[in-house]
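Peer 1: Need coordinates for the following:
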Amino acid sequence: MKSRLIRIGNSRGVRLAKPVLEQAGLEDEVEIRVEAGAVIITAAASPRAGWAEAAARYGPSPLIDAPVATKFDDEEWAW
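Peer 2: Numbers count the residues shown, from 1 in each chain. This next block holds a predicted model:
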């Protein structure tokens, strides 16, 4: 597919057709880098994507002690 660069203020841009955006999985935010004369546009990754799933695979940590009730819990705390 060929496209033309269009003026956007003092910059230039490329219009991407909706089907191209959908196929590439591009939404509101993208990452752009240049490699060997090519501009690479990829979907922006969430910095913590997959953390919850990775933590769930390990289960509860053996390094964390079970909670112990204190005097405050027994006498002063009220829901």
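
Peer 1: and the most centrally placed residue in the chain, what element?
Peer 2: The centroid of the chain falls nearest to residue 46 when counting by Cα atoms, centre = their mean (1.0 Å). Using DSSP states H and E, residue 46 falls within no helix or strand.

Peer 1: quick one, phi psi at it?
Peer 2: Main-chain torsions, residue 46, degrees, to the nearest 10: phi -70, psi 130.

Peer 1: Strands of this protein, residue ranges please.
Peer 2: 5-8, 11-14, 30-35, 38-43 (DSSP state E).

Peer 1: got TSV for these, with distance to residue 68 and mean neighbour count too?
Peer 2: In short, each C-beta sits where N, CA and C put it, glycine included. Conversion of these to TSV gives the following (distance: least, Cβ to Cβ, whole Å; neighbours: other Cβ atoms under 10 Å):
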stretch	distance to residue 68	mean neighbour count
strand 5-8	61	9
strand 11-14	60	10
strand 30-35	46	10
strand 38-43	46	11
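
Peer 1: Need those in a markdown table (columns: distance to residue 67).
Peer 2: A markdown table is the format used below for the strands of the chain (distance: least, Cβ to Cβ, whole Å):
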| stretch | distance to residue 67 |
| --- | --- |
| strand 5-8 | 56 |
| strand 11-14 | 55 |
| strand 30-35 | 42 |
| strand 38-43 | 41 |
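
Peer 1: TSV for these, including mean pLDDT?
Peer 2: Formatted as TSV, the strands of the chain follow (pLDDT from 0 to 100):
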stretch	mean pLDDT
strand 5-8	95
strand 11-14	94
strand 30-35	95
strand 38-43	94
